[in-house]
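Engineer: I'd like to go over a predicted model; first the sequence, then the structure.
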Amino acid sequence: MSRIITVGAAQTGPIQNTDSRTDVVERLIELLRQGNAAGCDLVVFPELALTTFFPRWYVENKEEFDHYFETEMPGPETQPLFEEASRLGVGFHLGYAELTSEGKHFNTSILVDKEGQIVAKYRKVHLPGHEEHEPWRDFQHLERYYFDPGSGFEVHSAFGGILGMAICNDRRWPETYRVLGLQGCEMALIGYNTPIHYAPDPDQDRLQGFHNHLVLQSGAYQNGMWVVGVAKAGKEEGCDLLGESAIIAPSGEIKALCSTVEDELVVAECNLDLCSDYKETLFNFSRYRRPETYTRITSQTGVEIPDKIKES
Ligand code: CDT
């Protein structure tokens, strides 16, 4: 019998700064109910799904922004989402800003099972943007100022398969998928908030949609896994965020695609057994990989041009 997870990619429209957690959770519950009506086992919400994307603003005293962070999960405002998930018997993935009791700040996602229990947590590894205030930009991207980096990529036994998580900028790095793939990952859940405007090189603005699907699809294909990429989209606090949330098969083909920049659910029946079509053939890692030739991937960060090239 095939192993099928029916997944809903629950894109949200913008969340403005004045929107309360309670308002946002109501929207998420509505998407969860739509997912239930469509037969979903799992509904995937975006990165930082409870608040506006606050790293677009600089504040000198970072503690003033601690109100964007969750100190408990579930907390009083998010509890209704967990209760509804458990009542409906639908699992979910949720991205949010996490403040730990040790005072660490993470860009976090969790996986919640059909009983409403947290079964896995992931903290974003690749923090994009900049550390310092850069007033020349139309808006900031200060994830490196507000967040501490997470410690790695893990997989989890959940929903009848092997699932992993990554967050937004992680999806642009092939290492993300490969580290998950090397642990047998059959489905990667990836929320994102991607501004259309990229200040360091605005020539990339027109390519945001192309690059999004390029990395999600190649990550899926090259590792024989399903990839669920889910956006917070639309005009948020004057900043246009990419939509185009997608569910991608291990073949690299897009099986479901959002067409708006609003709250929107698209659904796909994801057969996890399709992963082996790729994992056991073209991407049979144990047969074909040559890690002894890849040592640079873990031994260096930046480019090191070999001396023989520099001297030529
Ligand atoms: N949230 C997030 O990681 N966004 C980045 C924006 C580009 S870097 C400023 C992304 O990779 O989509």
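Structural biologist: Done, it's in.
Engineer: Looks like P55 contacts H133 (just checking).
Structural biologist: No - using C-beta atoms under 8 Å, P55 is not in contact with H133, being 11.5 Å away. Where C-beta positions appear, they are placed from N, C-alpha and C, glycine not excepted.
Engineer: More neighbours: which of the two?
Structural biologist: P55 (25 against 14; other C-beta atoms under 10 Å).
Engineer: Mind listing the shared neighbours of P55 and H133?
Structural biologist: 140, 142, 145 (C-beta atoms under 8 Å, 6 or more residues apart in numbering).
Engineer: May I ask which of the residues you listed has the most neighbours?
Structural biologist: That'd be L142 among the shared contacts of P55 and H133, by other C-beta under 10 Å, with 24 neighbours.
Engineer: mind checking how far that residue is from A10?
Structural biologist: 26 Å (C-beta to C-beta, to the nearest Å).
Engineer: again, but for Y221
Structural biologist: 24 Å.
Engineer: Settle it for me: which of the two has more neighbours?
Structural biologist: Per other C-beta under 10 Å, whichever of Y221 and A10 has more neighbours is A10, with 32 against 20.
Engineer: Adding secondary structure, distance to the ligand and pLDDT, write the shared contacts of P55 and H133 out as JSON lines.
Structural biologist: Formatted as JSON lines, the shared contacts of P55 and H133 follow (DSSP: H, G, I helix; E, B strand; the rest coil; distance: C-beta to the nearest ligand atom, whole Å; pLDDT from 0 to 100):
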{"residue": "Q140", "secondary structure": "coil", "distance to the ligand": "9", "pLDDT": "98"}
{"residue": "L142", "secondary structure": "coil", "distance to the ligand": "10", "pLDDT": "98"}
{"residue": "Y145", "secondary structure": "helix", "distance to the ligand": "12", "pLDDT": "98"}
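Engineer: Can you list the residue ranges for strands in the stretch 201-312 of the chain?
Structural biologist: Listed in chain order, the strands of the stretch 201-312 of the chain (DSSP state E, counting those that start in this stretch) span 226-231, 234-236, 239-241, 246-248, 254-257, 264-271.
Engineer: Average pLDDT for the second one, rounded please.
Structural biologist: So the one you mean is strand 234-236. Mean per-residue pLDDT for strand 234-236: 98.
Engineer: OK, contacts around S20?
Structural biologist: S20 neighbours (C-beta under 8 Å, 6+ apart): E77.
Engineer: go again using 10 Å as the cut-off
Structural biologist: 26, 50-51, 77 (C-beta atoms under 10 Å, 6 or more residues apart in numbering).
Engineer: cool, and S2?
Structural biologist: Applying C-beta under 10 Å, 6+ apart, the residues contacting S2 are 269, 271-274.
Engineer: Strands along the stretch 1-150 of the chain, start to end?
Structural biologist: 4-11, 42-44, 91-99, 105-112, 118-123.
Engineer: Redo these as CSV? Include mean pLDDT.
Structural biologist: Below are these laid out as CSV (pLDDT from 0 to 100):
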stretch, mean pLDDT
strand 4-11, 99
strand 42-44, 99
strand 91-99, 99
strand 105-112, 99
strand 118-123, 98
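Engineer: looking at the ones you listed, which is buried most?
Structural biologist: Ranked by mean neighbour count under mean count of other C-beta atoms under 10 Å, those are led by strand 42-44, which reaches a mean of 29.
Engineer: Report all helices and strands that it contacts.
Structural biologist: The elements that strand 42-44 packs onto, with contact taken as 3 or more C-beta pairs under 10 Å, 6 or more residues apart in numbering; DSSP states H and E, are strand 4-11, helix 21-37, helix 79-88, strand 91-99, strand 105-112, strand 187-192, strand 226-231, strand 264-271.
Engineer: Which strands border that strand, and is each parallel or antiparallel?
Structural biologist: strand 4-11 (parallel), strand 91-99 (parallel) (DSSP bridges).
Engineer: what's the closest of those strands to F285?
Structural biologist: Nearest to F285, of all these, is strand 4-11, at 22.6 Å by C-beta to C-beta.
Engineer: Now distance to the ligand too, for the helices and strands packed on strand 42-44, in a markdown table please.
Structural biologist: A markdown table is the format used below for these (distance: least, C-beta to the nearest ligand atom, whole Å):
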| stretch | distance to the ligand |
| --- | --- |
| strand 4-11 | 14 |
| helix 21-37 | 17 |
| helix 79-88 | 22 |
| strand 91-99 | 10 |
| strand 105-112 | 8 |
| strand 187-192 | 6 |
| strand 226-231 | 9 |
| strand 264-271 | 19 |
